[in-house]
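Visitor: just a sequence and a predicted model for now, questions to come.
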Amino acid sequence: MGTLSARGFLEPPALAGRVAAGELPPIDERLPREPFVVGPGVLLQQEHMDWQDGRYGGTLNGAATFATGFVNLAGGSTILRSPSQTTATSVPNIVSAFSHSDDYTTFRFTIREGLRWSDGVPVTTDDVRFTFEDIYGDPDVQRPWPTDLYTQGDANLGPAKLSVTDQYTFELVFSKPYGSFVASLNSWIPNYDIIFKPAHYLKQFHRKYAKPDVLERLVRENKRSSWVQLLQSKDVPHWEIGEARAMGLPVLNAWVLAEATESRRVYERNPFFWHVDASGRQLPYIDKVVNNIVVDTDAQTNAILAGQVSIASGGEVTLAKMPVYLQNAQRSNLNVFTTGSFNNPPLLFLNHDYDYQATGSGWQKLVTDPDRRFGRALAAAMDSDGVNKSVFFGQYGPPMLNNTVHDPALAKRLLDEAGMNRLDGNGFRLGPDGRQFTLRITYAAASADFTPVAELLKEQIEAVGIRVDVDRVDTTLFDQRKAANQLMASLAWNDGPAWPSGISEDYLPVHKGPWSPATWTYYITGGKEGRQPPAYLKAFYDLHTARKQFPPESAQGRQVYDQLMRWLQDNYVFIPTTGARTTPNVVDKRLRNVPKKGAPYELDTYINAEAMWFAEQ
């Protein structure tokens with residue numbers, strides 16, 4: 001195993017030479033006073049992974065169509081840490097101590113003493129103060145407050161107030177109870193950088209701290225037009241940590257960007273990562289991560305089958321390719337298994353704000369019908385089992401919402417009752433206003449399954465007499481139309497399995513497919529813009545606000561969440577096309593500490609990467 005240090009830790013062999021040369025301090029000086037100990041049940045629930053303390057070495061190879069790859073998800077660098085996507089059993093991670101007031105308005109944090117950024121500089125409350133005062137709090141920087149830092153996620157209630165006690169201890173105070181903030185602290189979606197930014201690094205790009213002549217030179221060298229643009233480019237959000245401009249940015253991740261070319265990204269182990277196993281080994285076990293950038297999913301598949309990929313999951317692999325992966329598993333030394341998913345399958349979103357300003361709008365008459373006959377009719381027309389079998393090989397489960405049995409006769413009766421009982425010359429139903437009616441479904445193909453699902457929906461809905469146009473657009477145009485409230489209906493996915501924990505809240509009206517973008521604008525601007533929600537939509541916002549008061553997985557939080565789900569069930573703002581996703585995972589057969597088959601989320605394969613290690617075979 002090697003010789004343990006005075007504090008009981010093992011120096012990673014890849015770093016020993018740098019320590020001997022005086023380039024790095026020894027491991028006892030690199031780790032905080034209280035490292036975070038990883039073991040069974042810490043990163044994933046114990047039933048989903050057979051934990052073994054690992055050995056050092058090796059390179060984790062990926063292949064993705066985008067630069068970041070999975071590294072922004074791997075590394076466990078959240079403020080609190082929970083196994084998998086739960087928030088019920090979280091423990092301090094970046095911080096050594098965490099508590100909150102009984103009314104969930106005040107949250108207290110103590111940073112791990114001796115915790116360091118990847119360049120060795122200590123993490124202190126100066127990093128927090130800089131983030132709050134000089135990034136979000138400086139209007140010249142033009143960096144808006146993250147939604148998670150507003151009281152109850154509502155900009156109208158103002159952001160958290162920071163109170164610093166000493167170099168390690170601080171408090172965040174909200175104006176109203178905000179128990180769901182614990183989910184933000186656990187979540188890799190906002191991640192640590194909503195609160196902790198490397199002040200010592202970013203100050204060199206901020207007018208308040210930098211010498212004017214030096215700052216002007218940096219602006220020119222980086223080909224920016226101003227110090228504001230320079231600072232914004234250097235303050236890289238964790239989603240973009242693989243971009244070339246992130247070179248040199250100190251991080252708290254398990255690996256640090258070391259090379260960025262057009263064809264690949266290389267990450268090397270963070271010498272100051274504060275996670276260790278019970279045997280004293282500093283994580284990550286694997287020294288290097290290489291993400292090879294490929295042109296498309298076919299190139300990804302070819303790389304996987306050629307044995308050039310150590311880990312692939314989520315959008316990188318599809319059920320359609322499962323037979324190919326399994327046929328080549330032995331030859332390519334692959335472990336191929338399925339898990340659940342962090343995402344729902346594609347859903348049909350119905351925009352309740354579409355055409356709301358038009359007098360006598362037929363669409364508005366349909367979606368505001370108190371009996372929701374139009375939404376119920378679409379759910380009855382949609383054959384979720386047929387979509388599952390045709391597109392997903394029968395591997396998906398039943399829909400989580402609107403689980404209406406496929407019943408075209410019921411759909412037709414409901415449409416008749418909703419006022420769509422007259423036909424045009426082609427046999428399609430007229431709208432309740434007597435005008436030609438077309439259900440226009442717009443989508444940007446987030447994955448290869450969107451197009452066949454859209455084609456099946458068109459066939460199923462037209463079978464009950466509704467004319468359907470399917471419009472595939474690029475992501476930019478989709479987002480533009482969404483922002484402009486120009487989408488009648490859309491096809492998109494969201495993070496349904498992660499809603500109970502509060503890790504994701506993308507059931508909100510415009511976070512994926514839009515179902516009420518104008519009332520959302522009204523909500524976030526305090527009524528200054530957008531559409532005042534009618535009573536049934538206001539009921540949603542009341543429930544959403546009520547949920548924000550409590551930790552999501554507390555008894556009160558679960559109770560409000562159940563009411564929220566009933567509202568979504570009853571109002572048909574979005575309708576799943578089929579059931580819970582089953583997702584392939586393809587990993588090198590030598591890798592250990594990999595999630596088991598049947599684990600709840602494919603993202604756990606990536607998020608757990610710090611714990612993976614190569615066994616000899």
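Guide: Sure, I can see it.
Visitor: count of neighbours near Asp126?
Guide: Neighbour count of Asp126, defined by other C-beta atoms under 10 Å: 14. Using the backbone N, CA and C atoms, a C-beta is placed for each residue, glycine as well.
Visitor: quick one: low-confidence parts of this structure?
Guide: 1, 69, 71-75, 402-403, 617 (pLDDT under 70).
Visitor: please parse it into its domains.
Guide: 1-71+253-341+582-617, 77-209, 347-576 (automatic domain parsing).
Visitor: adding distance to Asn222, write those out as a markdown table.
Guide: Formatted as a markdown table, the domains of the chain follow (distance: least, C-beta to C-beta, whole Å):
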| stretch | distance to Asn222 |
| --- | --- |
| domain 1-71+253-341+582-617 | 15 |
| domain 77-209 | 9 |
| domain 347-576 | 26 |
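Visitor: of the ones you listed, which is nearest Glu240?
Guide: Closest to Glu240 of the domains of the chain is domain 1-71+253-341+582-617 (C-beta to C-beta; 6.3 Å).
Visitor: which residues of the stretch 1-150 of the chain fall in strands?
Guide: 36-38, 59-64, 80-81, 91-92, 95-100, 106-111 (DSSP state E, counting those that start in this stretch).
Visitor: from the contact counts, what lies against the second one?
Guide: Under the contact criterion of 3 or more C-beta pairs under 8 Å, 6 or more residues apart in numbering; DSSP states H and E, strand 59-64 touches strand 288-293, helix 297-305, strand 311-313.
Visitor: strand partners (parallel or antiparallel) of that strand?
Guide: In the sheet containing strand 59-64, its partner strands are strand 288-293 (parallel), by DSSP bridges.
Visitor: relative to helix 297-305, how tilted is the partner strand?
Guide: Relative orientation of strand 288-293 and helix 297-305, computed by axes from the mean of the first three to the mean of the last three C-alpha atoms, to 10 degrees: 140 degrees.
Visitor: okay, strand 288-293 in PDB with CA atoms only?
Guide: Provided in PDB are the C-alpha atoms of strand 288-293 (Å, rounded to 0.1, in the frame of the first residue of the first chain):
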ATOM      1  CA  LYS A 288      -6.200  11.900 -15.400                       C
ATOM      2  CA  VAL A 289      -9.400  12.400 -17.400                       C
ATOM      3  CA  VAL A 290      -9.400  12.800 -21.200                       C
ATOM      4  CA  ASN A 291     -12.500  13.900 -23.000                       C
ATOM      5  CA  ASN A 292     -12.100  13.400 -26.700                       C
ATOM      6  CA  ILE A 293     -14.500  15.700 -28.600                       C
END
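Visitor: so who does the closest residue to Asp235 other than its chain neighbours touch?
Guide: Nearest residue to Asp235, sequence neighbours excluded (C-beta to C-beta, 6 or more residues apart in numbering): Leu202, at 5.8 Å. When contacts are counted by C-beta atoms under 8 Å, 6 or more residues apart in numbering, Leu202 touches Phe130, Ile135, Leu231, Lys234, Asp235.
Visitor: sorry, back to before: now the helices and strands packed on strand 59-64 as CSV including distance to Gly58 and mean neighbour count?
Guide: As requested, those are exported to CSV (distance: least, C-beta to C-beta, whole Å; neighbours: other C-beta atoms under 10 Å):
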stretch, distance to Gly58, mean neighbour count
strand 288-293, 8, 20
helix 297-305, 18, 18
strand 311-313, 12, 25
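Visitor: nearest to Ser96, out of those?
Guide: strand 288-293 (27.5 Å).
Visitor: what's in contact with that closest one?
Guide: 58-71, 74, 242, 255, 262-269, 303, 308, 609.
Visitor: show me which of the residues you listed are buried.
Guide: 58, 60-64, 67-71, 74, 242, 255, 264-269, 303, 609 (16 or more other C-beta atoms under 10 Å).
Visitor: just those residues: which are in helices?
Guide: Among the buried ones among the contacts of strand 288-293, the ones falling in helices (DSSP state H) are Ala303.
Visitor: circling back: farthest-separated two in the contacts of Leu202?
Guide: Among those, Phe130 and Lys234 lie farthest apart (C-beta to C-beta), at 13.2 Å.
Visitor: look up how far Phe437 lies from the residue nearest the centre of the chain.
Guide: By C-alpha atoms, centre = their mean, the chain has its centre lying nearest to Ile189, at 4.7 Å. Counting by C-beta to C-beta, to the nearest Å, the gap from Ile189 to Phe437 is 38 Å.
Visitor: before we move on, which element is the nearest residue to Asn156 once chain neighbours are set aside in?
Guide: Among residues not flanking Asn156 along the chain, Gly526 sits closest, at 4.0 Å (C-beta to C-beta, 6+ apart). Per DSSP states H and E: Gly526 is located in neither a helix nor a strand.
Visitor: nothing else from me, thank you.
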